[in-house]
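Peer 1: sharing a sequence plus its predicted fold:
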Amino acid sequence: MEKDAKIYVAGHRGMVGAAIVRNLKKNDYNNIITATSSELNLVSQADTEAFFKKEKPDYVFVAAAKVGGIQANNVYRADFLYNNLMIECNVINSAYQNGAKKLLFLGSTCIYPKMAPQPLKEEYLLSGYLEQTNEPYAIAKIAGIKLCESYRRQHNADFISVMPTNLYGPNDNYDLNNSHVLPALIRKFHEAKLQGDKEVVVWGTGSPMREFLHVDDLAEACYFLMENYSDEGFLNVGTGKDVTIKELAEIVKATVHFEGQLVFDTSKPDGTPRKVTDCTKIHSLGWKHKIELQEGVQNVYQDFLNNYERIKVKGR
């Protein structure tokens, strides 16, 4: 990407979009276009087309999405499917229609079948049934991959896709009903410590295994791929390492210095039994994560503390 190129980051206020903007600025890109959801409704085809016609960005990062944890995905199924389909269809088509040089679409490893072999390889896509609790979100993200693939095949558009594993980092969502597991645990343990609670309840059995990637590592991967990758196949982005939810809870407990007990609520869903990515392809290109989990949790807990008053008021 040229240093003076016009770069649009869709979803710049979210955890991923904000990390991409930070990374671009660190790399001396200053012609960055952003628009809040109140300024631009990406679910609206007309609004999105008008925005692209006016701005005509050279490069596009599609980080805008409706996201949430297991409960949110399962309860708001229509919202997750409709909103994510509309956002990616509108942005990808508008980027093509207005001559964008390159686009990067951000998906999720929930695209893989629930019982896919581990670690997850890119070729496992569409090889089995999806996890039921987040099937609508996964279907939307699969559609995004196929949109990029199809615009490349039909129109020779340089549109690429990446599938990040579970993410965490600054600007995360800490709402206990709609957040992902790691930020939810951080808030649960912190507030239990403040209240002097004797235990913290963790959803599920604690046995599922998950992989976690710091969002700043993802942002670095996205920048790296925009510079170095232009093939059709999508790429996993992760650490290639996983831990059990129980192990994760123990890391958070130690980081927060909570002295009570862990209790597992087995009436809550576990989700997919194990999910760890095979990162062979992106490693072969020369990218690897830098932030290990314990260091990352310590960093994000400090960010949580710095923003706790705001989080309490807004639920985030």
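Peer 2: Received the coordinates, thanks. Residues are numbered from 1 along each chain as shown.

Peer 1: tell me the centre residue of the chain?
Peer 2: residue 167 (5.5 Å; CA atoms, centre = their mean).

Peer 1: would you check that it makes contact with residue 17?
Peer 2: No. The pair residue 167 / residue 17 is not scored as a contact, 11.7 Å apart, by CB atoms under 8 Å. Yep, even glycine has a C-beta here, placed from its N, CA and C like the rest.

Peer 1: so which elements touch the strand or helix carrying residue 47?
Peer 2: Under the criterion DSSP states H and E, the helix or strand holding residue 47 is helix 45-55. If you count contacts as 3 or more CB pairs under 8 Å, 6 or more residues apart in numbering; DSSP states H and E, helix 45-55 packs onto helix 77-97.

Peer 1: on that earlier part again, which SS class is the residue nearest to the centre of the chain?
Peer 2: Of the three states, residue 167 takes strand according to DSSP: H, G, I helix; E, B strand; the rest coil.

Peer 1: how about it, nearest residue that isn't a chain neighbour?
Peer 2: Computed as CB to CB, 6 or more residues apart in numbering, the closest residue to residue 167 that is not its neighbour in sequence is residue 215, at 5.0 Å.

Peer 1: ok, how many other residues are close to the closest residue to residue 31 other than its chain neighbours?
Peer 2: Once flanking residues are discounted, residue 31 sits nearest to residue 6: 5.1 Å by CB to CB, 6+ apart. Around residue 6 there are 18 other residues, counting by other CB atoms under 10 Å.

Peer 1: mind listing what residue 6 touches?
Peer 2: 31, 33, 55-59 (CB atoms under 8 Å, 6 or more residues apart in numbering).

Peer 1: try 6 Å this time
Peer 2: By CB atoms under 6 Å, 6 or more residues apart in numbering, the residues touching residue 6 are 31, 57-58.

Peer 1: which residue ranges form the helices in the stretch 151-300 of the chain?
Peer 2: 181-195, 215-228, 245-256, 280-285, 293-306 (DSSP state H, counting those that start in this stretch).

Peer 1: what mean pLDDT does stretch 229-241 have?
Peer 2: Averaging pLDDT along stretch 229-241 gives 97.

Peer 1: quick one: end-to-end length of that stretch, please.
Peer 2: With CA to CA, to the nearest Å as the measure, stretch 229-241 spans 24 Å from end to end.

Peer 1: for it, buried residues please.
Peer 2: 229, 234-241 (16 or more other CB atoms under 10 Å).

Peer 1: show residues contacting it.
Peer 2: The contact list for stretch 229-241 (CB under 6 Å, 6+ apart) reads 145, 149, 152, 158, 161-165, 211, 213, 218, 221, 277, 279, 281-282, 289.

Peer 1: sketch out the low-pLDDT regions of the protein for me.
Peer 2: For the chain, the stretches flagged by pLDDT under 70 are 68-72, 178, 314-316.

Peer 1: now for residue 149, how many residues are close by?
Peer 2: Per other CB under 10 Å, the neighbour tally for residue 149 reads 18.

Peer 1: now, of the contacts of residue 6, which are buried?
Peer 2: For these, buried by 16+ other CB under 10 Å: 57-58.

Peer 1: nearest to residue 261, out of the contacts of residue 6: which one, please.
Peer 2: For those, the minimum distance to residue 261 (CB to CB) is 51.6 Å, reached by residue 57.

Peer 1: go ahead and confirm that closest one touches residue 8.
Peer 2: Yes. Judged on CB atoms under 6 Å, residue 57 makes contact with residue 8 at a distance of 3.7 Å.

Peer 1: which neighbours do the two share?
Peer 2: By CB under 6 Å, 6+ apart, the residues touching both residue 57 and residue 8 are residue 33.

Peer 1: quick one: the strands in the stretch 101-250 of the chain?
Peer 2: Using DSSP state E, counting those that start in this stretch, the strands of the stretch 101-250 of the chain run over residues 102-106, 159-164, 166-168, 199-203, 209-210, 212-214, 235-237, 243-244.

Peer 1: to residue 121, which of these lies closest?
Peer 2: Of all the strands of the stretch 101-250 of the chain, strand 235-237 comes closest under CB to CB, at 7.8 Å.

Peer 1: can you list the strands that that closest one pairs with?
Peer 2: When pairs are called by DSSP bridges, strand 235-237 turns out to pair with strand 159-164 (parallel).

Peer 1: pull out the CA atoms of the partner strand and give them to me as PDB.
Peer 2: Output in PDB follows, covering the C-alpha atoms of strand 159-164 (Å, rounded to 0.1, in the frame of the first residue of the first chain):
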ATOM      1  CA  PHE A 159     -10.100  -9.300  -2.500                       C
ATOM      2  CA  ILE A 160      -8.700 -11.500   0.300                       C
ATOM      3  CA  SER A 161     -10.100 -13.100   3.400                       C
ATOM      4  CA  VAL A 162      -8.600 -13.900   6.800                       C
ATOM      5  CA  MET A 163     -10.100 -16.100   9.600                       C
ATOM      6  CA  PRO A 164      -8.900 -15.000  13.000                       C
END
